[in-house]
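**Q** quick one, fold the following:
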Amino acid sequence: MGKDVIIACDFAGAQETFAFLDRFAGEKPFVKIGMELFYAEGPEIVRQIKARGHKIFLDLKLHDIPNTVKKSMAVLSSLNVDICNLHAAGTGAMMRAALEGLTRSDGTRPLLIAVTQLTSTDQEAMEQDLWIREPIDQVVMHYAENAKNAGLDGVVCSPLEAEKVHARCGAGFLTVTPGIRFADSAAGDQKRITTPAMAKELGSDYIVVGRPITGAPDPVAAYRRCVAEFVD
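**A** Numbering: from 1, shown residues only. Okay, here's the model as predicted:
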């Protein structure tokens with residue numbers, strides 16, 4: 001899998017999602033299915049989007065005791081998505097259990113990546129709400145190393161941290177980076193953000209883009225703008 005733009009399909013239901021995807025005609029963009037859509041429609045929405053020919057990042061951010069996460073990942077593995085994720089804060093034991101559950105009997109599995117710190121979290125929030133006093137970039141690097149040592153394929157991080165993650169964990173360790181905004185877009189509730197072009201320069205492997213595409217007057221044009229800035 002090479003560099004790509006992943007569209008965050010954070011819609012309330014199937015009808016809105018399919019109406020959005022229908023606008024792309026023959027194109028089959030990589031899409032993210034998050035908690036809102038998955039909780040509204042269940043596993044069937046994953047099967048239907050996959051049947052349309054889209055690659056899928058299933059963004060459910062599992063975080064529980066190792067045994068529960070292992071069993072949950074075994075269920076998700078049957079959906080044949082391309083990427084799954086969990087929270088690195090769940091510990092190395094949880095991540096190793098998740099990888100075991102995600103791996104099918106024939107040895108195949110989706111890519112598994114770990115969320116380091118949400119891009120809506122800044123240093124102040126991390127210290128005051130989470131009681132984590134270390135600098136946020138050091139925390140992200142520590143979580144990334146834990147994920148690599150557990151056998152995962154990469155992490156979710158800010159584009160601002162992608163270069164450091166690669167330096168610490170290797171060029172083949174994936175960085176999937178939300179917090180993407182065009183230079184002329186509002187930041188919204190994101191804190192650690194960049195443009196698609198900046199994310200490319202910083203070494204992100206995948207960018208996850210939601211509202212700048214889904215909320216645009218012409219989502220297809222906005223998607224193509226992302227691809228032009230990040231991939232081409």
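
**Q** tell me which helix or strand comes right after the lowest-mean-pLDDT helix or strand in the chain.
**A** Taking mean pLDDT, DSSP states H and E as the measure, the helix or strand of the chain with the lowest value is helix 123-130, at a mean of 90. Following helix 123-130 in sequence order, the next helix or strand is helix 136-149 (DSSP states H and E).

**Q** just the buried positions in the helix or strand that that following helix is followed by, please.
**A** Using DSSP H and E, the helix or strand that follows helix 136-149 in sequence is strand 154-156. For strand 154-156, burial by neighbour count (16 or more other CB atoms under 10 Å) applies to 154-156. Just so you know, the C-beta spots here come from the backbone N, C-alpha and C atoms, and that holds for glycine as well.

**Q** what's the angle from the least confident helix or strand of the chain to helix 136-149?
**A** Angle of helix 123-130 versus helix 136-149, following axes from the mean of the first three to the mean of the last three CA atoms, to 10 degrees, is 70 degrees.

**Q** for helix 123-130, buried residues please.
**A** Buried residues in helix 123-130, counted by 16+ other CB under 10 Å: 123, 126.

**Q** just stretch 132-146 next, same as before
**A** For stretch 132-146, the neighbour count (16+ other CB under 10 Å) marks 132, 136-137, 139-141, 143-146 as buried.

**Q** same question for stretch 97-114.
**A** So stretch 97-114, judged by 16+ other CB under 10 Å, has buried residues 97-99, 101-103, 109-114.

**Q** equivalent analysis for stretch 53-69, please.
**A** Those would be 54-62, 64, 66, 69, for stretch 53-69 by 16+ other CB under 10 Å.

**Q** which members of these are the farthest-apart pair?
**A** Farthest pair in the buried residues of stretch 53-69 (CB to CB) is 54 and 66. Separation: 30.8 Å.
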